[in-house]
Every structure is written in structure tokens, then in C-alpha cells.
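In: Need coordinates for the following:
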Amino acid sequence: MNVGTAAAPVYQDNKFGYFSLAGIATVPFTSKPTRFGTWNVHGGVEYQALGDTTKAFNGGEGHKTIGSVGIGFTY
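Out: Next comes the predicted model:
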């Protein structure tokens, strides 16, 4: 991270990048395997607390929440 000016840059090494905490839940579609396998739907959420440098890369925002959803199968 640059804490100086463009003419005289001074770089600072921040040791903390980010902290991440996540969880996921899976719910089956079928109780018995079919000829196409066993299907499920799953979703999750991740929370990230950003350090000074990653916060600067993220436009000044110090945290990020990310959600996901999907369909899966095992065969």
C-alpha cells in the first residue's frame, strides 16, 4: 500500500490480508439413487473482513458478503 505521494512513494507492508468465514447447506432432491444419480440443491454464504490493503483494492469497503446457490449430483 502506498502511503506517500506519486513523486516520493512510501510503501507500507500490512500483514493482515483478510479473514473469511463461510457455511454451506445441502438438501437432497431424491432419497434413492435414480439412473441419473442422486441430486441435491445447495447454498452458502461467505463473510470476508478485509485488511487495509485489500480494503483499498475493494474501493474502501472493509467487508464483503458473498452468496452462492447451486444444483449438484453424485453418480
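
In: all contacts plus neighbour counts: C-alpha atoms, from now on.
Out: Will do.

In: What segments of this protein are helices?
Out: 52-57 (DSSP state H).

In: By mean pLDDT, point me to the weakest helix or strand of it.
Out: Sorting the helices and strands of the chain by mean pLDDT, DSSP states H and E puts helix 52-57 at the bottom, at a mean of 87.

In: gap between that helix and the chain center?
Out: Distance of helix 52-57 from its chain centroid, counting by CA atoms, centre = their mean, to the nearest Å, is 15 Å.

In: pretty sure Glu46 contacts His63?
Out: No. Applying CA atoms under 8 Å, one finds Glu46 not in contact with His63, separated by 10.7 Å.

In: anything in contact with each of those two?
Out: With CA atoms under 8 Å, 6 or more residues apart in numbering applied, the contact sets of Glu46 and His63 do not overlap.

In: who does Val69 bridge with?
Out: Here Val69 sits in beta bridges with Gly43, going by DSSP bridges.
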